[in-house]
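> sharing a sequence plus its predicted fold:
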Amino acid sequence: GQQVKQSSPSLTVQEGGISILNCDYENDMFDYFAWYKKYPDNSPTLLISVRSNVDKREDGRLTVFLNKSGKHFSLHITASQPEDTAVYLCAAGGGSNYKLTFGKGTLLTVTP
Amino acid sequence: GPKVLQIPSHQIIDMGQMVTLNCDPVSNHLYFYWYKQILGQQMEFLVNFYNGKVMEKSKLFKDQFSVERPDGSYFTLKIQPTALEDSAVYFCASSFLGGSYEQYFGPGTRLTVL
């Protein structure tokens, strides 16, 4: 089964609103959690990440929340803008050799 | 930011042929990765490579797959022979010396096996 799951394939938010993207995971060994942004035919770009020793990290309009007991992490984007429209991929890693396990992605559409 | 390039962007080949996918990683990175994404599915780890050796590979990394980076040139993924189920987008990534989860990805090569 999928070790990292994004249950919403799509999300639509009005400009200026808060976008909340969610990710659930299964593997207790994961200790690195990240969000990537991807435009069609482009590279996934790392937006923000956290290690398991923190439960929140902010960077400008982006905040990652980590709930280890619930095996859940989320990305909040405040003051959402049309240029935030993209696919958002969550990813997790743990153990050796630095491999990442990805979710399927959520297409965020920010409407003017 | 740092860029990873992949050549070609698209490749169409007949089943049974050999294909080589090329990755030009970030210049001071020494860990390299390949991920595979079948249409409609998530990106999945194939293999990572450091200091001339495969460090870890997944069950998707079949015997027909091989990776190398001869003399600091492209990091390559070779499939020989190809099968229909190899049709996918293949993403290359690299990370800084010492290994890191902060991986920089290329735009992918879309491989179609007919």
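Looks like it came in fine.
> how about low-confidence regions in the chain?
Went with chain A since none was named. For chain A, the stretches flagged by pLDDT under 70 are A:1, A:96.
> hmm, no, I was thinking of chain B.
Along chain B, segments meeting pLDDT under 70 span B:97-99.
> can you give me the strands for it?
Secondary structure of chain B, counting by DSSP state E: strands at B:5-7, B:10-13, B:19-24, B:29-37, B:44-50, B:53-57, B:65-68, B:75-79, B:88-96, B:104-105, B:109-113.
> tilt between the third one and strand B:29-37?
Orientation of strand B:19-24 against strand B:29-37 (axes from the mean of the first three to the mean of the last three Cα atoms, to 10 degrees) gives an angle of 140 degrees.
> what lines up beside strand B:19-24 in the sheet?
Strand B:19-24 has its sheet partners listed here by DSSP bridges as strand B:5-7 (antiparallel), strand B:75-79 (antiparallel).
> how far off centre is the first one?
Okay, so that is strand B:5-7. Here strand B:5-7 is found 10 Å from its chain centre; the criterion is Cα atoms, centre = their mean, to the nearest Å.
> list the buried ones in it?
Neighbour counts over strand B:5-7 (16 or more other Cβ atoms under 10 Å in any protein chain shown) mark B:Q6 as buried. Just so you know, the C-beta spots here come from the backbone N, C-alpha and C atoms, and that holds for glycine as well.
> counting by contacts, list what the strand or helix carrying A:A91 packs against.
Using DSSP states H and E, A:A91 maps to strand A:86-93. In terms of contacts (3 or more Cβ pairs under 8 Å, 6 or more residues apart in numbering or on different chains; DSSP states H and E), strand A:86-93 is packed against strand A:4-5, strand A:19-25, strand A:32-38, strand A:72-77, strand A:100-102, strand A:106-111.
> just the C-alpha atoms of that strand, please, in CSV.
Presented in CSV, the C-alpha positions along strand A:86-93 are these (Å, rounded to 0.1, in the frame of the first residue of the first chain):
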residue,chain,number,x,y,z
ALA,A,86,0.4,24.0,-9.1
VAL,A,87,0.7,20.4,-8.0
TYR,A,88,2.0,20.0,-4.4
LEU,A,89,3.8,16.8,-3.5
CYS,A,90,4.4,15.7,0.0
ALA,A,91,7.5,13.5,0.7
ALA,A,92,8.9,11.7,3.7
GLY,A,93,12.3,10.0,4.4
